[in-house]
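Colleague: no letters, just coordinates:
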């Protein structure tokens, strides 16, 4: 297997993980575990962003690196609308609050909106991969 094939396999892997994370977010929300749903929604965005950035030739070890590159490589260049960057920042911060702060609570309708927007974000990443 050559480097291009390996990269394509990794991109496909990240997109599969993104899809699984969306399914998991829906399941967690349905079970009333809203913080876990937010976590899984964030990871769907993270995995799909990793796939696109890898396709652009970049790979990161830290979540903050992915966040910065998303703004630098996809938003500032006009590949995606700035609203997607704002959402990524929001879900990044929400996931950090859900995972690391005490007494954080999310409401059902808030989590529903997060999941729906996450689905849109992942679809946008899929569009970039098809270009």
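Modeller: Arrived safely, thanks for sending. For clarity, every value in this text was computed on a predicted model and none was experimentally measured.

Colleague: tell me the contacts of the most centrally placed residue in the chain?
Modeller: In the chain, the C-alpha nearest the mean C-alpha coordinate belongs to residue 45, at 0.7 Å (C-alpha atoms, centre = their mean). The contact partners of residue 45, by C-beta atoms under 8 Å, 6 or more residues apart in numbering, come to 18, 87, 88, 91, 118, 121, 122. Every C-beta, even on glycine, is put in place using the N, C-alpha and C of the backbone.

Colleague: tell me which two of the residues you listed sit farthest apart.
Modeller: By the measure C-beta to C-beta, 18 and 87 form the most distant pair in the contacts of residue 45, at 14.5 Å.

Colleague: who's more crowded, those two?
Modeller: The neighbour comparison of residue 18 against residue 87 (other C-beta atoms under 10 Å) goes to residue 18, with 24 against 18.

Colleague: what helix or strand does the more buried one sit in?
Modeller: Residue 18 belongs to helix 3-30 when assigned by DSSP states H and E.

Colleague: just the helices in this structure please.
Modeller: With DSSP state H, the ranges of helices along the chain come out as 3-30, 34-55, 63-69, 82-100, 108-130.

Colleague: what's near enough to touch residue 110?
Modeller: Counting by C-beta under 8 Å, 6+ apart, residue 110 touches residue 34.

Colleague: roughly how far does it sit from residue 6?
Modeller: Going from residue 110 to residue 6 by C-beta to C-beta, to the nearest Å gives 39 Å.

Colleague: repeat that for residue 47.
Modeller: In terms of C-beta to C-beta, residue 47 sits 17 Å off from residue 6.

Colleague: please apply the same query to residue 28.
Modeller: Per C-beta to C-beta, residue 28 is found 32 Å from residue 6.

Colleague: compare neighbour counts for those two and give me the winner.
Modeller: A count of neighbours by other C-beta under 10 Å puts residue 28 above the other of residue 28 and residue 6, at 20 against 10.

Colleague: quick check: pLDDT value at the more buried one.
Modeller: We have a pLDDT of 98 for residue 28.
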